[in-house]
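**Student:** next come a sequence and a model predicted from it.
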Amino acid sequence: GQFLLFLLVGVGLWAFYGGGVFERPDEIFARFIVDELPPGVTGLLIAGIFAAAMSSLSSSINSLASATAYDFWAPLRGVDDDARVLRAGKAFTLLWAGLLIAGAILFIPLSRGTAAVEVALGVASMVYGGLLGAFFLAVISRRADQRGAIMGITVGIASVVLIWLFARTAVAWPWFVLIGTTVTLVAGWAGSGRGAGSDPSAGVPGARAGAGSGAR
């Protein structure tokens, strides 16, 4: 629904400007808001854009900080006090915010001459291939386990990033999803079923008990 709305807005702007060519396509929507809409509507749209950006950023930073504090920091430090975990979460919030700002600054020189939407989709496609490959691995292979999935995602994302950074011939970003998915499937399947922990039901409470009662 969201992408359909974006496409409709793009088609509408193309029709409004008669198919004209702009030097910087990223400025088309902003120019339409500033030049064509009445002041009240312009203010509401700008406020809505900032609100949408803030909500997306805050939810992302909160998720990263919470996962880091509860899933990594607390188990490694042996902390079960919610107050201490909360304080650590606040520190991780600042850390992740700084890392995201640094990443955004890094992409400024890398994205010159490229439309903002292409940069955003290109960055997202580096990760989507690994996630999609992990889901396919779980669906099509009974051999898949947690170790293989983690290995597959890691290798899949790393391979796409390396291709993006060091490929002699530029690879268009839509290929990143296909490449990442394929590499994740192969690496995940190869890394699954090796040693302890290869049972997919391991770590699931009641999984073995349920299987035993079903057999009886």
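**Tutor:** Great, that's in hand. Note that the structure is predicted; figures quoted are calculated from it, not measured.
**Student:** for the protein, which spans come out with low pLDDT?
**Tutor:** 1, 110-111, 113, 194-216 (pLDDT under 70).
**Student:** the domain parsing of the protein - what is it?
**Tutor:** Residue ranges for each domain of the chain read 26-110, 115-198, as given by automatic domain parsing.
**Student:** chain center to the longest one: distance?
**Tutor:** Offset of domain 26-110 from its chain centre (C-alpha atoms, centre = their mean, to the nearest Å): 13 Å.
**Student:** ok so, going back, hey, which of the domains of the chain is tucked in deepest?
**Tutor:** Mean neighbour count (mean count of other C-beta atoms under 10 Å) peaks for domain 115-198 among the domains of the chain, with a mean of 17. Every C-beta, even on glycine, is put in place using the N, C-alpha and C of the backbone.
**Student:** tell me the gap between that one and the middle of its chain.
**Tutor:** 12 Å.
**Student:** relative to W189, how far out is I46?
**Tutor:** Separation of I46 from W189 (C-beta to C-beta, to the nearest Å): 49 Å.
**Student:** all helices for the chain, in order.
**Tutor:** Remark: helices assigned in the chain by DSSP state H are 2-16, 28-36, 39-67, 74-77, 82-110, 116-140, 146-166, 174-191, 207-215.
**Student:** let me have the ones you listed in CSV, adding distance to F22 as columns.
**Tutor:** Shown next, in CSV, are the helices of the chain (distance: least, C-beta to C-beta, whole Å):
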stretch, distance to F22
helix 2-16, 10
helix 28-36, 6
helix 39-67, 19
helix 74-77, 51
helix 82-110, 21
helix 116-140, 13
helix 146-166, 27
helix 174-191, 23
helix 207-215, 58
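**Student:** A115 touches F22, doesn't it?
**Tutor:** No. Using C-beta atoms under 8 Å, A115 is not in contact with F22; the gap is 10.8 Å.
**Student:** re earlier: would a markdown table of the domains of the chain with distance to L8 be doable?
**Tutor:** Output for those, formatted as a markdown table (distance: least, C-beta to C-beta, whole Å):
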| stretch | distance to L8 |
| --- | --- |
| domain 26-110 | 12 |
| domain 115-198 | 15 |
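**Student:** what sits against the closest residue to G156 other than its chain neighbours?
**Tutor:** Leaving aside its chain neighbours, G156 sits nearest to T184 (3.3 Å; criterion: C-beta to C-beta, 6 or more residues apart in numbering). Going by C-beta atoms under 8 Å, 6 or more residues apart in numbering, T184 touches 129-130, 132-134, 136-137, 152-153, 155-156.
**Student:** L86 too?
**Tutor:** Applying C-beta under 8 Å, 6+ apart, the residues contacting L86 are A69.
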